[in-house]
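Colleague: Any chance you can model this:
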Amino acid sequence: MESSAQMAYPPLEDVGALALPGGDGTDVDMDASDAAVSDADSDYLELQADMAKLDASREAFLSQQLGEEYGSRPESRGPPVATSTPGSRGRGGTARGRKRGPRKAAEPTPEIKFRLAQAYNAFIGTHYDEAMDIVKEIIRVNAETFGAWSLLVSLFEESGQMTEALNAKVFAAHLRPKDVNSWIECATMALGMSADPTTLETEEQVEAERLDRLDKLQIAAMCYSAALRADPKHIAARIGKADVELELERFTQAADDYLRYLRRRPYDIEAVRHLAEASYDSTRQAEIAEKATEAYNTIITHLRNGGVLDNGFTLEWMDVIIFIELFASIGQYGKAAGAVGFLSRWLLGRPDELFWELYDDDREWDRYDNRRRLAKEYDPDRYPPETYGVGLPPDIRAKLAIYRMKLGQEEEAMDHLSWLEPDDPQTIQILSEAPQIAQDIAVQLTESQRYELALKYYEVYHYVRKKTMDDVDADALVQQGRCYLEMHDNTSAEDCFLAAIEADETNIDARYELARAYERAQEREEAFILVNEALSLEARAHGPRPDGRAYDNVRFVVDGRGKLIRKPKTYKKRAQSDKPAAARRPRVPRIRARRLAGDNKRAEFERQVSTRLKEKYELCQSLKTRAAEGDQEAMQEWMEAARELTDDFRSFRAFYPWEKYLKFLGYGNFFNEGDAHAGNSRLTAMAERLQQKLAPVDEDGDQQAQPILQRHEHRGIPFDDWLDLFLEYAISLAHARRPQEAYLVCQSARDSIVYQARENMFLIHLTWATCAIHAGDEETCVAVARYFMRDNQMNTDAYRLYSAICRACQAPSSWYSSGPAQKYMLRQIKQMDDTLMHPDEAGKYKVPGGGATAPRATGVDVALLMVYGHILFMSTSYNYALSYFRRAASVDPTNPLVNLSTGLSYIHWAFKRQAENRQYMLMQGLAFLFKYYELRLQSPVSEERQEAHFNVARTYHLMGVHHLAVEYYGRVLEEAERHPHSLQPPNHSDRRRDSLKQEEDGGDGVVAKTKRVGVRDDLVLETAVNLRTYFLLTGDVEAARDVTDKYLVLE
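Modeller: Next comes the predicted model:
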């Protein structure tokens, strides 16, 4: 037994001596070994072989992940030994030597390999659809198959789907996070997916391309970051990430990456330029600007020592500007002026003339050498004259002049500006290449109180900018206006501020300065309007920039020609409001008159505006006929002219009360809005001061009454014609699906003191209701309809009009039965009841709205009771609705609508869970329903008899008595067949309504019954649909087909 046990379990060291098939290439004699090796030995050997394979795969994985460094580690020389030391972790800890991180992807199964081979073969054979299907199936089975994603990238590229190819490539890179080249390829691909700007024709395309570029930049930034996580020392990834961050305007992050890059590549001048650009808008502006100057100093020292820059770059004039602007951005103007000297001498070929640094002035750069000869070290024959004054570029000379003015050396500054005389045509030609130089000079001259010369440079700047960029700089206009104010030229200053507002509608400074000028000129109303506009704009802004961020620093970029230019200002869009665009009221553009001009100029301006607007009105009249006939081009032209006319009327102060006037301008009163945002104290203080002067209140706290208008026309057009234009324009806006603008036009007409007459108000609100009906806006319909009831209290037609407006609005009837409408109708009923009571009883009740001046009802108004009853009916308060329906029935028992409503209320109440006696309610409801039926059958109009049959059938359908419902549905169709005109297909684009015409009977003065004019809508279609539905539910397909073929087929 002992020997048998030893043979069955050989020692561990003897296992390696056993010859395994395929182990050392020695064949095994199975017959000879059967006697020595048992089944247990075989299992043990298989376990050892599996363990060896596992160790080998582990070693291969660690070698791949850790690279060459793994071979030198002690743990790589043998299998790890589990040890327990006092400092080691206990249960749940990590074994010593084990690498943390993601595990290697599992080896693809044979099925995946086979499918992948099929996909490659299909791709090579250009069967892209087949290859795409196979690849998608592979990814569905195992999404970590790298080869499938790589092939998917190629398939998307072949089909031109570059965005999908990029997404697939990024996912493939995630499967191999240590592969730096994959991440670099993804970032390069993302950055290369930009559209040609010349192919973008519309603003929508430009905006879409901007957003797409932003997405691609974010993907590139992510890929570069992943590459740096895999290899923090990768140079290409570091500089690529910095460039992307700079384009994304993440200036501080970009600057940090550029600084890391420059530690390893300090002589890359292009990176230094980008670092300087990032420093201007960084939150750590001063710190990064100093580091940028250090980087430039490193490059300059390297070049002076005979070194060469990376990528073949050299120091250029634009580097001089960047370098000196870095000093200027941190207020070191003396160093900036000194840097101009030694760098310019170097670039001009005079690097050894260091003696010029001993002089505090700029004689070195004079036009003539009179002052240069005063320097003992100067040799006029050593270097050509072109290397002195003439050799200094104009833009650098302008910077040097600005720095000298900053340092208080104005005489030196004026000498430099003599090279750039604003009246010299050559100066304009020079500044055409860099217009910003003129503005910089003008700003500095204004600070130095040289206003006349500053104005000349402002004029040159606007001329050159208009010529080269076809644009207007609103900020420069504001600065020019301030300069005019310092010279007490208020008229020119007003022109500048108004031009700035016209160029940039969001400019706050222009409004503030103009408001100050108007306040001094006693034009307080216009000043208050401007201050309110400025406060509203300020409240809408994002708020102040983060602390430490520069506002007025200069930024430079290199254009496509390699020339240094100022980086254009970028305007970012505000975050979209949660409120839909249709619900935000548009602001009314204003025609701003010149308030500070002389009387003659103001009169001339008003005359020109009146002439132009009168021509617009005549154009509207001539286009009206063509627009009504459907000419879209004429309609568009008419609406543009009408908009300009109505905007002018609404911007006229004398036509509106003060608060209404501010409201229609689109900017509410800052104080009445309760806006707590008052970030600009100067605006708030001015607004408070003007508010007290403009809107004084009497002892009761009310504002003074508005004056009465003593005129009957505006711009030579009668007020009645203006009203017609307002109403026609509002209806046109409603037809153009711009309901909010239509409402604003109607509201503008309503609140004007010109149209306060009853007839005008009726027309305005009727147009308002028409616009709301066309827009399907039930809330506005109910609000306007309440005006008619409020203005015509205790008038039956007003209640009928309310119901008709709500009925015509194609929208869910939620506002018709809303709480405010219900309470208003109940107050009307109480007021009616109070006026109908006996005088002794009426005094016991307090009725809201009922007073000595309240209108008195002459009798019980059935329409009012029915409207309130239907409001309760729609709220499913059927028992309460019955109270009012029964009151109406007691007054008008033969009214078909009263009986129908009463019957339906009983029937619906019977279906409620709280109903106590359902049979009684149903019998009551049917009694009223058939009373309605009998009254309707007496009508001579076929459509009304159809209505009676249909309503009874629909009620039986509701109750589940289908055989009776089918019988009455059949009566509808029989009635229609007896009157063939009812079977003609209805015109759904123009639903014809009933119109009543009263005719006199034989001239005896007695009014006969009303006669229907036109063809009413019948109920054949509704009946056929209900019958078809019923037949299908009961399985009678043939009957359903017959009904469909006969009544529901459009010819």
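Colleague: gap between Glu203 and Ile501?
Modeller: Using C-beta to C-beta, to the nearest Å, Glu203 is found at 22 Å from Ile501. Yep, even glycine has a C-beta here, placed from its N, CA and C like the rest.
Colleague: Of these two, which one has the most company?
Modeller: Ile501 (22 against 8; other C-beta atoms under 10 Å).
Colleague: how does the protein divide up, domain by domain?
Modeller: Taking automatic domain parsing as the domain assignment, the ranges for the chain are 2-72, 316-420, 948-985+1014-1051.
Colleague: measure the second one end to end?
Modeller: What it means is domain 316-420. Its first and final residues considered, domain 316-420 spans 22 Å by C-alpha to C-alpha, to the nearest Å.
Colleague: now that domain: how far from the chain's centre is it?
Modeller: 50 Å (C-alpha atoms, centre = their mean, to the nearest Å).
Colleague: that older thread, could you dump the domains of the chain into CSV with distance to Asp196 added?
Modeller: Converted to CSV, these look like this (distance: least, C-beta to C-beta, whole Å):
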stretch, distance to Asp196
domain 2-72, 43
domain 316-420, 27
domain 948-985+1014-1051, 50
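Colleague: out of those domains, deepest packed?
Modeller: Most buried of the domains of the chain, by mean neighbour count (mean count of other C-beta atoms under 10 Å): domain 316-420, with a mean of 18.
Colleague: could you say what helices and strands the longest helix along the chain packs with?
Modeller: For the chain, the helix with the greatest residue count under DSSP state H is helix 599-628. Secondary-structure packing of helix 599-628 (3 or more C-beta pairs under 8 Å, 6 or more residues apart in numbering; DSSP states H and E): helix 632-650, helix 719-735.
Colleague: just the strands in the stretch 851-1000 of the chain please.
Modeller: All strands of the stretch 851-1000 of the chain, identified by DSSP state E, counting those that start in this stretch, fall at 995-997.
Colleague: shaky segments in it?
Modeller: In the predicted model of the stretch 851-1000 of the chain, residues 851-858, 980-1000 satisfy pLDDT under 70.
Colleague: Likewise for the chain?
Modeller: 1-48, 61-105, 541-600, 658, 661-680, 691-709, 838-858, 980-1017, 1051.
Colleague: Tabulate the CA atom coordinates of stretch 390-400 in PDB.
Modeller: Extracted C-alpha coordinates of stretch 390-400, given in PDB (Å, rounded to 0.1, in the frame of the first residue of the first chain):
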ATOM      1  CA  VAL A 390      12.400 105.400 -40.700                       C
ATOM      2  CA  GLY A 391      13.000 101.700 -39.800                       C
ATOM      3  CA  LEU A 392      10.700 101.600 -36.800                       C
ATOM      4  CA  PRO A 393       7.300 100.200 -37.900                       C
ATOM      5  CA  PRO A 394       4.300 102.500 -37.500                       C
ATOM      6  CA  ASP A 395       2.400 100.200 -35.200                       C
ATOM      7  CA  ILE A 396       5.300  99.900 -32.800                       C
ATOM      8  CA  ARG A 397       5.900 103.700 -33.000                       C
ATOM      9  CA  ALA A 398       2.200 104.200 -32.000                       C
ATOM     10  CA  LYS A 399       2.700 101.800 -29.000                       C
ATOM     11  CA  LEU A 400       5.800 103.700 -28.000                       C
END
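Colleague: Name the secondary structure element that contains the residue lying closest to Leu514 once chain neighbours are set aside.
Modeller: Distances taken as C-beta to C-beta, 6 or more residues apart in numbering place Phe497 nearest to Leu514, at 4.0 Å, with adjacent residues excluded. Using DSSP states H and E, Phe497 sits in helix 490-503.
Colleague: Name the residues that touch the helix or strand that that helix is followed by?
Modeller: Toward the C-terminus, helix 490-503 is succeeded by helix 508-520 as the next helix or strand (DSSP H and E). By C-beta atoms under 8 Å, 6 or more residues apart in numbering, the residues outside helix 508-520 that reach it are 474-475, 477-478, 481-482, 485, 490, 493-494, 497-498, 500-501, 504, 524, 526-528, 530-531, 533-534, 537-538, 595-596, 680, 682-683, 686, 689-690.
Colleague: In ChimeraX, select just the buried ones from these.
Modeller: Only the buried entries of those go into this ChimeraX selection, using 16 or more other C-beta atoms under 10 Å:
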select :474,475,477,478,481,482,485,490,493,494,497,498,500,501,504,524,526,527,528,530,531,533,534,537,538,595,596,680,683,686,690
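Colleague: ok, now how distant is the closest residue to Gly925 other than its chain neighbours from Lys931?
Modeller: Spatially, and ignoring its direct neighbours in sequence, Gly925 is nearest to Tyr906 (3.2 Å; C-beta to C-beta, 6+ apart). According to C-beta to C-beta, Tyr906 and Lys931 sit 12 Å apart.
Colleague: out of the two, which sits in the busier spot?
Modeller: Between Tyr906 and Lys931, counted using other C-beta under 10 Å, the more crowded position is Tyr906 (23 against 19).
Colleague: tell me the contacts of the more buried one?
Modeller: Applying C-beta under 8 Å, 6+ apart, the residues contacting Tyr906 are 878, 882, 921-922, 924-925, 928.
Colleague: can you tell me which of these lies nearest to Ile235?
Modeller: Using C-beta to C-beta, Tyr878 comes nearest to Ile235 of these, at 81.8 Å.
Colleague: Nearest spatial neighbour of that closest one, chain-adjacent residues omitted?
Modeller: Trp909 (3.9 Å).
Colleague: try Gln822
Modeller: Per C-beta to C-beta, 6+ apart, closest to Gln822 is Ile871, 5.1 Å.
Colleague: swap in Ser225?
Modeller: Closest to Ser225 by C-beta to C-beta, 6+ apart is Lys241, at 6.4 Å.
Colleague: again with Phe950
Modeller: Spatially, and ignoring its direct neighbours in sequence, Phe950 is nearest to Leu1019 (4.6 Å; C-beta to C-beta, 6+ apart).
Colleague: how about the longest helix of the chain: buried residues?
Modeller: Buried-residue list, helix 599-628, by 16+ other C-beta under 10 Å: 613, 616-617, 619-620, 623-624, 627.
Colleague: how about the residues you listed in CSV, adding distance to Leu431?
Modeller: Converted to CSV, the buried residues of helix 599-628 look like this (distance: C-beta to C-beta, whole Å):
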residue, distance to Leu431
Leu613, 40
Lys616, 40
Tyr617, 45
Leu619, 43
Cys620, 46
Leu623, 46
Lys624, 51
Ala627, 49
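Colleague: Widest-spaced pair of the residues you listed?
Modeller: Most distant of the buried residues of helix 599-628, by C-beta to C-beta, are Leu613 and Ala627, 19.1 Å apart.
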